[in-house]
Each structure stands twice: as C-alpha cells, then as structure tokens.
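J.: predicted structure and sequence below. I'll ask about it afterward.
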Amino acid sequence: MKKTLLLAIFALCCTSISAQRLKEGDLNFLKGEKELNIIVDYSHIIFKFGNGIDEEKYVERQAIKEGEQWREKWMTLKDSIKSGSKNTFLFKEFNLALFERGCTLRGGNFAQANYTMNIVIKEICIGEVPFDDPYIVLDIFFTKTNSTDKIAVFKTNTTNIMAFANMEWRVETLHKQAGKKFGYFIANKIKF
C-alpha cells in the first residue's frame, strides 16, 4: 500500500502537460525529408519565477533571502541557458520521439538540410522550487533553409508538474519535454 501511494505521488510530481497549435501552414513538406536544420533563438527570452514574478524582483528577493551566492548561481544558469547549452536535451528528445514513431527525419545542426525549424524561446517560468509548476513557451516556425519565408507556424507550451526539483533540473526537463512533445506532434502529422 505504501509503495503504491509513493508511486502515485511521484507520478503526480513528474507529470507534463503540453499543447501545440498550428497557426498557419501544414507539415506536408517534411514528408520524405531525412534531415531538418534546427535553430534555437533565445534573444527575446523572458524569465519568470513563482506566480509569474519577473526575474529582477525574484532574483533580488532570493539574494536577500539566501545570500549573494544565489544571485551568482542564477546568473551562471541564465548564461548557460542563453548560450544554448540546454539545446542538446531538446534535440535528443525530439529525435527520440520521431524515431519511436517510425520517422526517419532527424533534427539538429544540419545547415545543408532543405528546411529549418526555428524555435524562438519566448518565456521560461522556472516557478518557485518546490511550489510552482515550471513552463516554457515557444514559437516555432519552418522555413526553407536560408530563407525567411515562413512555411508553417506553431505556438506551443509545455508545463511540467515537478514540485521537488532544483532550478537547473527544471530547465533541463522543460527542454526535454518540449523536444519530446513537438517530436511526437510532428511525427503524427507526417506519418511515413
């Protein structure tokens, strides 16, 4: 009984909710493609924390509450996120999801691919550990490689219910879940 209860609690703490919405276009152009170039843009990212508190206010509060080393730790994590170091989590889960659905398409740094998926990370809400659920908001659009003309446009967000995790783990998991959910979504749209 205790084991079942613990498993149920763990499952609730690690649940993810995701939504993808096609705003324009379709994905038929990906049928038969083997490679997809992926570009991730963090230039317009907004970071939020518990109850949607903006970054500056939250960081100042945490520095007072936990000391200046907290601010330094946050700045290191923020720089890591904006440098794209978490993209490997997104790419890996995206490709695994495609593979699991039987697709031969693979995404990554494929500059020679015919098409590019542009992922604009709009917002990451880390939540307040351990109380709030983190989420990530992405705008995704497809172009022919080396073109700015959009072929398809998506709006997507992913929420992870994981109350017992540190900030870095939450950010990595958000990237994993976004990659996985969008990989499944694409695979279901372009069945081979």
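T.: Yep, it's here.
J.: now the helices for this structure?
T.: Secondary structure of the chain by DSSP state H: the helices cover 2-13, 55-66, 68-82, 87-100, 167-189.
J.: so for Asn146, which of those sits nearest?
T.: helix 87-100 (20.4 Å; Cβ to Cβ). Where you see a C-beta, it was placed from the backbone N, CA and C, and this is true even at glycine.
J.: show me what the closest one is packed against.
T.: On a contact count with 3 or more Cβ pairs under 8 Å, 6 or more residues apart in numbering; DSSP states H and E, helix 87-100 meets strand 35-41, strand 106-108, helix 167-189.
J.: contact partners of the second one?
T.: Counting contacts by Cβ atoms under 8 Å, 6 or more residues apart in numbering, the residues outside strand 106-108 that touch it are Lys34, Glu35, Leu36, Asn37, Ile38, Phe91, Phe94, Asn95, Leu98, Met117, Gly183.
J.: what does the first one give?
T.: Contacts of strand 35-41 with the rest of the structure, by Cβ under 8 Å, 6+ apart, involve 30, 84, 87, 90-91, 94, 105-121, 145.
J.: show me how to select, in PyMOL, the buried members of those.
T.: To isolate the buried members of the contacts of strand 35-41 in PyMOL, using 16 or more other Cβ atoms under 10 Å:
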select buried, resi 30+87+90+91+94+105+106+107+110+113+115+116+117+118+119+120+121
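J.: wait, Asn118 touches Phe141, no?
T.: Yes. Taking contacts as Cβ atoms under 8 Å, Asn118 lies within contact range of Phe141: 5.2 Å.
J.: tell me how many other residues crowd Ser83.
T.: For Ser83, the tally of surrounding residues (other Cβ atoms under 10 Å) stands at 10.
J.: can you list phi and psi of it for me?
T.: phi -80, psi -10 (degrees, to the nearest 10).
J.: okay, now the unreliable bits of the protein?
T.: 1-23, 129-132, 157-165, 192 (pLDDT under 70).
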